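Q: have a look at this fold, sequence not included:
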């Protein structure tokens, strides 16, 4: 079956540092890969996605890298801020199918 | 509304009682998903609606769980004879399918506690 795993359950960084959150997936038959952020007491919030035929996509302060050869995805957050503290999930996405999240990586940003 | 809304935000019930959870998707979104999230865990898929029909009910944990969607909009998830293991956050997400691109937008969830 399909599985998604993140490499580190927790990541602690100082404000202003860059953060890198990693994710491995098993199913290659995905059209997109999506990153979500979930703050305490809230639902997951869409951050950025990347199409399966791309290897890099940049957003505002975030960059997602996709390596299909090793089935690895990463989310880079530049100049991490306290408001970035949350649990981050990656998910392979195919239209009309449910998302599969692992347990996520908890990012803690200290001032 | 601008986003997915869910009600109630919190629900405390006694074991054996029935509960009904509501989801209002983003206007115009044809697809609607229900998920369950236990503390510190990822998402557990429950059911998927496309319009009013549910092509995938494979995630419903037992026959105590049911869901419906009317008018292609609001959906309700009903849990009958609740058990303590039903305690979790129930999340609803909606999306609009445009070819292969689909982004699911989540509501804030309903936190269910079964005593």
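A: Noted; the coordinates are in hand. Just so we're clear, the structure is a prediction, and the values are computed from it rather than from any experiment.
Q: give me the phi and psi for residue A:83.
A: The phi/psi pair for residue A:83 (degrees, to the nearest 10) reads phi -70, psi -10.
Q: what sits against it?
A: For residue A:83, the contact set (C-beta atoms under 8 Å, 6 or more residues apart in numbering or on different chains) comprises residue A:109. Heads up, the C-betas are built off the backbone N, CA and C, glycines and all.
Q: and residue B:34, by the same measure?
A: Residue B:34 makes contact with B:23, B:45, B:46, B:47, B:48, B:67, B:75, B:77, B:90, B:91, B:92 under the criterion C-beta under 8 Å, 6+ apart.
Q: how about it, nearest residue that isn't a chain neighbour?
A: Excluding its sequence neighbours, the residue lying closest to residue B:34 (C-beta to C-beta, 6 or more residues apart in numbering or on different chains) is residue B:46, at 4.2 Å.
Q: pull up the residues of chain B that are close to chain A.
A: With C-beta under 8 Å from any C-beta of the partner chain as the criterion, chain B meets chain A at residues B:4, B:31, B:33, B:35, B:40-43, B:45, B:48, B:50, B:56, B:59, B:91, B:93, B:97, B:99-109.
Q: kindly recompute the last result at 7 Å.
A: By C-beta under 7 Å from any C-beta of the partner chain, the residues of chain B that approach chain A are B:31, B:33, B:40-43, B:45, B:48, B:91, B:97, B:100-109.
Q: thinking again about what came up before, buried subset of the contacts of residue B:34?
A: Buried residues within these, counting neighbours by 16 or more other C-beta atoms under 10 Å in any protein chain shown: B:23, B:45, B:46, B:47, B:48, B:67, B:75, B:77, B:90, B:91, B:92.
Q: what pLDDT is listed against the residue nearest to the first one when sequence neighbours are not counted?
A: When you say that, I think you mean residue B:23. Nearest in space to residue B:23, with sequence neighbours left out and distances taken as C-beta to C-beta, 6+ apart, is residue B:92 at 3.5 Å. Residue B:92 is assigned 97 on the pLDDT scale.
Q: OK, contacts around residue B:92?
A: Contact analysis of residue B:92 by C-beta atoms under 7 Å, 6 or more residues apart in numbering or on different chains lists B:4, B:6, B:23, B:32, B:33, B:34, B:75, B:107.
Q: let's see 10 Å
A: Applying C-beta atoms under 10 Å, 6 or more residues apart in numbering or on different chains to residue B:92 gives the contacts A:43, B:4-6, B:21-25, B:32-35, B:46, B:67, B:75, B:77, B:104-110.
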